[in-house]
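Asks: following is a predicted model, sequence given first.
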Amino acid sequence: MNDTVNLAYDYPLLGALWTVLWIVLWVAWFILLFRVIADVFRDDDLSGWAKAGWLILTILLPFLGVFVYVLVRGRSMGARERRHLQAQQEAVDRYIRETAGETGATSTADELHKLSEMRTRGDITDEEFRLAKERILR
């Protein structure tokens, strides 16, 4: 057996940088791979068979499949991503509006503030202010 011990200082700096570069490239590759797979599923223009074909090509020959997909359909990937994000944002906004009950109505605090401003300007009397305030707080 070989009884040599490799210490950290035996690993050259250029070798460490090369290793870090390869790790970064592999991470970028996996990100691109998953973005392509998500884009295949997200695209409504592709038929089921076309989606299956792209997935089979991407899974069996990942480097070639992703490369060909990006060359053939890469230009429209950004537009599909943008549409998907806009649809998500609209759904979140719609949910927030429904949950908050915003149908153009103002909150009680807003109505009281407006009522107070009207009294300060002299548009309504103190008695009218009191009655309106009771109606709002009910």
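Replies: It's in.

Asks: now do the buried residues in stretch 120-134.
Replies: Under the neighbour-count criterion of 16 or more other Cβ atoms under 10 Å, stretch 120-134 has 129, 132 buried. Using the backbone N, CA and C atoms, a C-beta is placed for each residue, glycine as well.

Asks: how about it as CSV, C-alpha atoms only?
Replies: Presented in CSV, the C-alpha positions along stretch 120-134 are these (Å, rounded to 0.1, in the frame of the first residue of the first chain):
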residue,chain,number,x,y,z
THR,A,120,-63.3,70.5,9.7
ARG,A,121,-64.1,72.3,6.4
GLY,A,122,-67.6,73.1,7.7
ASP,A,123,-69.4,71.0,5.1
ILE,A,124,-71.4,69.2,7.8
THR,A,125,-72.5,70.2,11.3
ASP,A,126,-71.4,68.5,14.5
GLU,A,127,-74.8,66.8,14.8
GLU,A,128,-74.5,65.4,11.2
PHE,A,129,-71.0,64.3,12.0
ARG,A,130,-72.2,62.4,15.1
LEU,A,131,-75.0,60.7,13.2
ALA,A,132,-72.8,59.7,10.3
LYS,A,133,-70.2,58.4,12.6
GLU,A,134,-72.7,56.2,14.4
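
Asks: just give me how far it sits from the chain centre.
Replies: Put simply, stretch 120-134 sits 48 Å off its chain's centre (Cα atoms, centre = their mean, to the nearest Å).

Asks: rounded mean pLDDT for that stretch, please.
Replies: Mean pLDDT, stretch 120-134: 88.
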